[in-house]
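J.: structure for the following, please:
(one chain, ligands or ions: 1)
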Amino acid sequence: MATKYDPSVLQEYADRLYNRAKRVVVLCAALGFLGGLVAATILAAVVVWRSPRAEPPGGWLLLSLPVGFALGWAYGRGKAFQFRLEAQRTLCQVQIERNTRPPVPAPAMAASQPPRGITCPKCAKSFPAGTKFCGHCGSPLPAAPGSLARASE
Ligand SMILES: [Zn+2]
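T.: Numbers count the residues shown, from 1 in each chain. Model (predicted):
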């Protein structure tokens with residue numbers, strides 16, 4: 001038997017994508033920070049190696065950390081947006097399916113609603129369904145409320 005459609009799976013997938021979108025920004029920013037640290041260390045090492053008497057460029061380190069962090073953060077934002085887009089597309093699929101789903105059969109609808117009586121159009125007193133005339137003012141009552149609503153749909 002074929003796999004059945006299950007909207008909860010898509011919903012969970014979308015939730016996971018959103019969680020991943022949240023994490024990926026932090027992760028990429030941290031990686032960018034580390035990348036900046038590594039790049040600055042390598043640069044400093046190269047400078048010191050080429051001219052041992054030179055001062056290690058501490059300014060580069062200070063600059064590369066926020067730059068690496070910002071680059072990582074921006075990259076993470078882009079990634080997060082892709083995840084969110086994918087999540088929204090998934091949710092959209094769920095919504096499309098929900099909208100195009102055939103309406104619930106009438107008997108099931110009727111069963112889910114509590115039985116309602118007929119309200120007199122003149123004095124607004126309620127009587128059990130099937131009552132022909134108002135017991136209060138005697139005016140004729142309309143047919144069962146369900147039949148009227150169903151015909152207008
Ligand atoms: Zn009445």
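
J.: and E55, that's in a strand?
T.: No. E55 sits outside any strand when classified using DSSP: H, G, I helix; E, B strand; the rest coil, being coil.

J.: what parts of this structure come near the ion?
T.: By Cβ under 5 Å from the ion, the residues of the chain that approach the ion are C120, K122, C123, C134, H136, C137. The C-beta positions use only the backbone N, C-alpha and C, and glycine is treated the same way.

J.: if any of those are buried, put those into a ChimeraX selection.
T.: Applying 16 or more other Cβ atoms under 10 Å to the residues of the chain next to the ion leaves a buried subset, and the ChimeraX line that selects it is:
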select :120,134
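
J.: can you pick out the most distant pair from the residues of the chain next to the ion?
T.: Taking Cβ to Cβ as the measure, those reach their widest spread between K122 and H136, a distance of 8.5 Å.

J.: show me where pLDDT drops low in this structure?
T.: By pLDDT under 70, the low-scoring segments of the chain are 1, 54, 56-58, 60, 104-115, 144-153.
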